[in-house]
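below is the sequence, then the predicted model.
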Amino acid sequence: MPYSSSLSDAEWEVLEPYLREILPKKKQTRPQNWSHRELLDAMLYQLKNGCHWQDLPSEFPPYSTVYWHYKQWRRDAGVFDQLMEALQGEVRVHAKKKQMDNPDDHRLPSSEEYL
């Protein structure tokens, strides 16, 4: 059953090539039980609803598997940061805007500078 946080087929078609490129390459010793889309849908469900990982609906992979992948993708591989940068670049191309050389140059200064 799709949830409001689930990726549509069109959204997945955009994300999948980036994920294949960004996700760390691992030696496959056995076939994966869960697709990257199923894992990402479960992560998005948890993030949108703010529920505990253990409270993920049973249609998703086991919460321990989802949480393990979330931690690996977020901390170790920086997948979400890389994915956001790639998507931002694509949006800028479609909007016919110049690519930013360094995104940090365009961020607002922290509020500490104003105290």
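Received, thanks.

CA atoms for contacts and neighbours, from now on please.
Noted.

ok, the spatially most central residue of the chain - contacts?
Centroid-nearest residue in the chain: residue 80, 4.4 Å away (criterion: Cα atoms, centre = their mean). Under the criterion of Cα atoms under 8 Å, 6 or more residues apart in numbering, the neighbours of residue 80 are 73-74.

please identify the buried residues of the one helix or strand it maps to?
Assigned by DSSP states H and E, residue 80 belongs to helix 79-94. For helix 79-94, a neighbour-count test (16 or more other Cα atoms under 10 Å) marks 79-80, 82-83, 89 as buried.

residue 59 is in contact with residue 38, correct?
No: taking Cα atoms under 8 Å as the definition, residue 38 is not a contact partner of residue 59, at 9.2 Å.

and those two? which has more neighbours close in?
Ranked by neighbour count (other Cα atoms under 10 Å), residue 38 and residue 59 place residue 38 first, with 16 against 10.

residue 78: what's it in contact with?
Contacts of residue 78 were listed using Cα under 8 Å, 6+ apart, and none were found.

repeat that for 10 Å
Taking Cα atoms under 10 Å, 6 or more residues apart in numbering as the contact definition, residue 78 lies against 22-24, 71-72.

and residue 51, how far is that from residue 38?
Relative to residue 38, residue 51 is positioned 17 Å away (criterion: Cα to Cα, to the nearest Å).

repeat for residue 81
The gap separating residue 81 from residue 38 is 20 Å, by Cα to Cα.

tell me the secondary structure of residue 29, please.
State at residue 29, reduced to three classes by DSSP: H, G, I helix; E, B strand; the rest coil: coil.

just how off-centre is the helix or strand of the chain with the lowest mean pLDDT within its chain?
Least confident helix or strand of the chain, by mean pLDDT, DSSP states H and E, is helix 79-94 with a mean of 85. Relative to its chain's centre, helix 79-94 lies at 11 Å (Cα atoms, centre = their mean, to the nearest Å).
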